[in-house]
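Engineer: sequence unknown, structure follows:
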């Protein structure tokens, strides 16, 4: 079961083909991504954690009564920090996710916005923290019209 | 190459962004929010048409930086999404070296980046650190 303290963690293998596909999709033709048999991950590649996160909703738990609606959510900010050179294809990361904060704000056009900050920790096979992601999502009061 | 605080980095354009670019990014990233490819769904949410995934623009900005500073050197990459980006948009990416500093015991180059739409509107502001 997930909780505010974070999910139990899931495994995210870093794969060469996925890195090559991601580099091409983000406009990169760098030989470091497309030719190296063990390429480093691009700066925003950890976004592909979506493919590995549990589909059973056991991710970080939102406060009671808060549900995300894709028609009303905006991605506000995203940051990735690497505590050394970025990990490479062939490595396997363990991801733990948590909700860092939930804040209500008044929108500029009235109505309440909810600002949710999610944090993902990425550890390598030795258990060392190699990267951290911080995502800010804004849910508007209702779908824009 | 040696950089100094205040240095202006070369300008680079990405786009025009097509619906295919958006779909390809969604496939690569695993973010299948239909608001970025399903016209009816986007309209039902009050938008005139589909719009790009913020993280696609972020990916272009990341490519701009890794091509300049090297894929192995990235230590921090952050983006703030300002304006939505629509099919047909061209983004012009510009950057400035804001500082030469030390992060986690390592010499880094701190960079500020802006991606601007052809309208002049700011799509993204970004900050990054690369090992020097």
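Structural biologist: Yep, it's here. Here the structure is a predicted model, which is why all the values come from computation and not from measurement.

Engineer: which strands or helices does the top strand by length along chain A pack on?
Structural biologist: For chain A, the longest strand by residue count, based on DSSP state E, is strand A:92-106. Counting contacts by 3 or more CB pairs under 8 Å, 6 or more residues apart in numbering or on different chains; DSSP states H and E, strand A:92-106 is packed against strand A:10-13, strand A:112-123, strand A:129-139. C-beta: built from backbone N, CA, C; applies to glycine.

Engineer: out of those, nearest to residue A:40?
Structural biologist: Of all these, strand A:129-139 sits nearest to residue A:40, with 11.3 Å by CB to CB.

Engineer: show me what that closest one is packed against.
Structural biologist: Applying 3+ CB pairs under 8 Å, 6+ apart, we find strand A:129-139 packed against strand A:73-82, strand A:92-106, strand A:112-123.

Engineer: now that strand against strand A:112-123, angle please.
Structural biologist: Using axes from the mean of the first three to the mean of the last three CA atoms, to 10 degrees, the inter-axis angle of strand A:129-139 relative to strand A:112-123 is 170 degrees.

Engineer: what residues does strand A:129-139 touch?
Structural biologist: A:46-47, A:49, A:68-69, A:72-84, A:86-87, A:93, A:100, A:113-124 (CB atoms under 8 Å, 6 or more residues apart in numbering or on different chains).

Engineer: of those, buried ones?
Structural biologist: A:46-47, A:49, A:72-73, A:75-83, A:86-87, A:93, A:113-114, A:116-124 (16 or more other CB atoms under 10 Å in any protein chain shown).

Engineer: what's the helix or strand for the residue nearest to residue B:21 when sequence neighbours are not counted?
Structural biologist: Closest residue to residue B:21 apart from its sequence neighbours, by CB to CB, 6 or more residues apart in numbering or on different chains: residue B:56 at 7.0 Å. Taking DSSP states H and E as the criterion, the element that holds residue B:56 is helix B:54-69.

Engineer: kindly report the same for residue B:97.
Structural biologist: Applying DSSP H and E as the criterion places residue B:97 in strand B:91-103.

Engineer: give the buried residues for the helix or strand following that strand.
Structural biologist: Proceeding N to C from strand B:91-103, the next assigned helix or strand is strand B:106-116, under DSSP H and E. Under the neighbour-count criterion of 16+ other CB under 10 Å, strand B:106-116 has B:108-111, B:113-116 buried.

Engineer: ok and the residue in chain A nearest chain B?
Structural biologist: Closest residue of chain A to chain B, CB to the nearest CB: residue A:26 (3.0 Å).

Engineer: next, residue A:126: phi, psi?
Structural biologist: Per-residue torsions, residue A:126: phi -90, psi 0 (degrees, to the nearest 10).

Engineer: next, count neighbours for it.
Structural biologist: 6 (other CB atoms under 10 Å in any protein chain shown).

Engineer: hmm, back to that, could you check the angle the helix holding residue B:56 makes with strand A:73-82?
Structural biologist: 30 degrees.

Engineer: now do stretch A:25-38: everything it contacts.
Structural biologist: Applying CB under 8 Å, 6+ apart, the contact partners of stretch A:25-38 are A:16, A:19-20, A:23-24, A:39-40, A:42, A:44, A:88-90, B:14, B:21, B:24-25, B:27-29, B:56, B:59-60, B:62-63, B:66-67, B:70-72.

Engineer: buried subset of these?
Structural biologist: A:16, A:19-20, A:23, A:39-40, A:42, A:44, A:88-89, B:14, B:21, B:24-25, B:28-29, B:56, B:59-60, B:62-63, B:66-67, B:71-72.

Engineer: quick check: residues of chain A near chain B?
Structural biologist: Residues of chain A lying close to chain B by CB under 8 Å from any CB of the partner chain are A:18, A:21-28, A:30, A:32-33, A:39-40, A:42-44, A:47-48, A:50-51, A:70-72, A:74-86, A:143-145.

Engineer: surely residue B:29 meets residue A:46?
Structural biologist: No. With contact defined as CB atoms under 8 Å, residue B:29 does not reach residue A:46; the gap is 10.2 Å.

Engineer: hang on, the earlier thing: pLDDT score assigned to the residue nearest to residue B:21?
Structural biologist: pLDDT for residue B:56: 98.

Engineer: let me see the contact set for it.
Structural biologist: Applying CB under 8 Å, 6+ apart to residue B:56 gives the contacts A:25-26, B:17, B:21-22, B:25, B:85.
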